[in-house]
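Engineer: Okay, predicted coordinates and the sequence, questions at the end:
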Amino acid sequence: MITYYYNVSNIGNVNLTDITVIDDRVIPIYISGDLNNDSWLNLSEIWLYKAVYKVTKSDLNADIINIANATAKDPCGNPVEDGDIELVKTAVRDGEPIQYGQFCEAHKISGTGLVDIDTAVKDKKIALEYSNVMNGEGDIEIEQEQAYSEIADKLKRNIDSVNGGNESTLNLYESTKMLYSGEIPLQGEKRLHSKALYGGMGSELREAFSVRQMEADEVSFFVQTMPYEPYNGWKDFQKGLEEVGRDTKKMDALMRTRENINNSAYLMGLENSNVFNGTWGTEAIWHKILYKDINAREMFTGDFEVKKQIKFHEYPAEDRKEKGCIGIDC
């Protein structure tokens, strides 16, 4: 089933009557909009019509094309010209909802004994590989959330170092608050990889540890996909990406969802604050074939208190490279 909605507005200079909406496939029915119930389409009103079309088997083999138009009369009873009335039609597919490809897992645990936690996410569509593993034996208190959404618009979180700490949309979010103590070390490894082979940034972030004692508070985050429903619609969004260039203020305004939530693509990062006895370290790699190679590695063994932030951020608009020679002398 397809539901069509028709918005009819008066863009002339007089009120209109005898409004009729015609569609060659369906019969539109008036729903609302005549605020004063006088049967006149006033200059300040927008009338809503609705129609439902049942898709047939033959429709599945071709495009579903239909044409709609609206007619009306002015106060003298004359038919109005096309420039005096505007019709905007939208279509919504009924039935199976849009699948956003989401996974959410959260737990809060306190106790003594064996610890074995293992999570892995791989999605070629958004160029993401993520894994988070911990195992050990001892006393543990842990509160953890791991959330993934193929459509970033549907996963919104606040991150201190992103968008001024205000709410942002993400493809992946992981938050861990943990306290551990044990004779047997707690060992763990976390890995985030945005694979260039699948259209990602080519960045990789890894954290590893083996500790007898640890108090940790950390957040990991990743966003690769653009707004699914841009604030000003798809046409304006695509046009804006072509024209924005290196104007970061315009880009920030462009990268917003229909709910006016910031999208910080392309972005990967880690915020970490911990105290530990043992070994802990991170490695950050960013590689672009033939022109970029960044590698930052840190490892600490002993009693340490660490506060750490790592971020990879790539500008979402394509960089227009200037030619080496420009002008009449080339």
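Structural biologist: Perfect, I can see it now.
Engineer: Distance check, Glu189 against Phe304.
Structural biologist: Using C-beta to C-beta, to the nearest Å, we find Glu189 at a distance of 18 Å from Phe304. All C-beta spots, glycine's among them, are computed from the backbone N, C-alpha and C.
Engineer: Which strand or helix spans Phe237?
Structural biologist: In the assignment (DSSP states H and E), Phe237 maps to helix 234-243.
Engineer: Can you spell out which helices and strands pack onto that helix?
Structural biologist: helix 248-254 (3 or more C-beta pairs under 8 Å, 6 or more residues apart in numbering; DSSP states H and E).
Engineer: now what about the helix it packs on, what contacts it?
Structural biologist: For helix 248-254, contacts defined as C-beta atoms under 8 Å, 6 or more residues apart in numbering pick out 230, 237, 240-241, 244, 262, 315-317.
Engineer: pLDDT (mean, whole number) over the following helix or strand past it?
Structural biologist: Where DSSP H and E defines the elements, the next helix or strand beyond helix 248-254 is strand 262-263. Regarding strand 262-263, the rounded mean pLDDT is 94.
Engineer: got a list of contacts for strand 262-263?
Structural biologist: So strand 262-263 is contacted by 152-153, 163, 166-169, 223, 226-227, 252, 255-257 (C-beta under 8 Å, 6+ apart).
Engineer: If any of the residues you listed are buried, put those into a PyMOL selection.
Structural biologist: Command for PyMOL that selects the buried part of those, burial taken from 16 or more other C-beta atoms under 10 Å:
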select buried, resi 152+153+163+168+169+223+226+227+255+256+257
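Engineer: Out of the contacts of strand 262-263, which sit inside strands?
Structural biologist: Counting by DSSP state E, the part of those found in strands is 167-169, 223.
Engineer: need the contact list for Lys73.
Structural biologist: 16-18, 79-80.
Engineer: Which element, helix or strand, includes the nearest residue to it once chain neighbours are set aside?
Structural biologist: Spatial nearest neighbour of Lys73, excluding adjacent residues (C-beta to C-beta, 6 or more residues apart in numbering): Asp18 at 4.5 Å. Using DSSP H and E, Asp18 sits within strand 16-23.
Engineer: Rounded mean pLDDT for that strand, please.
Structural biologist: 92.
Engineer: Neighbouring strands - and their directions - for the following helix or strand past that strand?
Structural biologist: Counting by DSSP H and E, the next helix or strand C-terminal to strand 16-23 is strand 29-32. Paired with strand 29-32 in the same sheet, following DSSP bridges, are strand 46-53 (antiparallel).
Engineer: List the buried residues for the partner strand?
Structural biologist: 47, 49, 51, 53.
Engineer: How about the third one: what's its closest non-neighbour residue?
Structural biologist: With sequence-adjacent residues excluded and distances taken as C-beta to C-beta, 6+ apart, Ala51 is closest to Val26, at 3.8 Å.
Engineer: now swap in Leu172 and tell me
Structural biologist: Excluding the flanking residues, the one nearest Leu172 by C-beta to C-beta, 6+ apart is Phe222, at 4.1 Å.
Engineer: re earlier: burial of the residue nearest to Lys73, as a residue count?
Structural biologist: 14 (other C-beta atoms under 10 Å).
Engineer: ok, it touching Ala72?
Structural biologist: Yes: when contacts are counted by C-beta atoms under 8 Å, Asp18 is listed as touching Ala72 (6.0 Å).
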